[in-house]
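In: coordinates for the following, if possible.
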Amino acid sequence: MSSLEEILTSAEKLLHPYALNFNRPEANRLDVYLARENLLPAVKAMVDARWGYLSTITGVDRPASAGEEGQPAEQGEIEVLYSFCAGAAIVTLRVRVPYTDAVLPSICPLIPSATLGERELMEMFGVKVEGTPDTSRLILADSWPEGVYPLRKSFVPAARFSGKAEGG
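Out: Here you go, the predicted model:
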């Protein structure tokens, strides 16, 4: 049986051709930073090597820094994390897209079950996932306004969404 170090090193070697950078934030984790155009080749390499399984797809809103006064909100970005697990080892593919071009390719042709995570990205963060097989709403009501993304840090809920009792 391979050690965590050996498992993560194998993933690092596998993903080296596609990576901008690597980070090991914990003994059992490897973060792989990718350009958008390398997402599909990196996922394909993971799938072809049968390296673990896709555990989650997560969005992280990264608005323009508070220290950058006067920076328009459009200058932020969404970081999308694709986490793969093999036992206790976790490899996270990290791709950043700007608000102004928040588009990624679907990984569903490689991992069909990714559709749920992709739908959540579209609905909650406003990331367009090109080629995803199902673009229907997953969480929000059909009446939810277009262009309002509740997991972006700029989201301010209306009183009816904030838990306050109406009429009192």
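
In: so what's Gly147 closest to, chain neighbours aside?
Out: Nearest residue to Gly147, sequence neighbours excluded (CB to CB, 6 or more residues apart in numbering): Gly126, at 7.3 Å. Every C-beta, even on glycine, is put in place using the N, C-alpha and C of the backbone.

In: the one you found contacts Arg152, doesn't it?
Out: Yes: shown here, Gly126 and Arg152 form a contact pair, counting by CB atoms under 8 Å, at 6.8 Å.

In: any idea how many residues pack against the closest residue to Ile111 other than its chain neighbours?
Out: Nearest residue to Ile111, sequence neighbours excluded (CB to CB, 6+ apart): Leu54, at 5.1 Å. When neighbours are defined as other CB atoms under 10 Å, Leu54 has 19 of them.

In: separation between Leu54 and Leu121?
Out: According to CB to CB, to the nearest Å, Leu54 and Leu121 sit 13 Å apart.

In: how about Gln75?
Out: According to CB to CB, Gln75 stands 20 Å off from Leu121.

In: the more surrounded of those two?
Out: More neighbours surround Leu121 than the other of Gln75 and Leu121, with 25 against 13 (other CB under 10 Å).

In: assign the more buried one to helix, strand or coil.
Out: Here Leu121 is helix, with the state taken from DSSP: H, G, I helix; E, B strand; the rest coil.

In: quick one: contacts for it?
Out: Shown in contact with Leu121 (CB atoms under 8 Å, 6 or more residues apart in numbering): Ile57, Gly59, Ile78, Val80, Leu104, Val127, Val129.

In: dump those residues to TSV, plus secondary structure, distance to Arg94 and pLDDT.
Out: Shown next, in TSV, are the contacts of Leu121 (DSSP: H, G, I helix; E, B strand; the rest coil; distance: CB to CB, whole Å; pLDDT from 0 to 100):
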residue	secondary structure	distance to Arg94	pLDDT
Ile57	strand	11	98
Gly59	strand	11	97
Ile78	strand	11	96
Val80	strand	7	98
Leu104	strand	12	98
Val127	coil	14	97
Val129	strand	16	97
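
In: picking that back up, quickly list what's touching both of Gly126 and Arg152.
Out: Taking CB under 8 Å, 6+ apart as the contact rule, Gly126 and Arg152 both touch Ile78.
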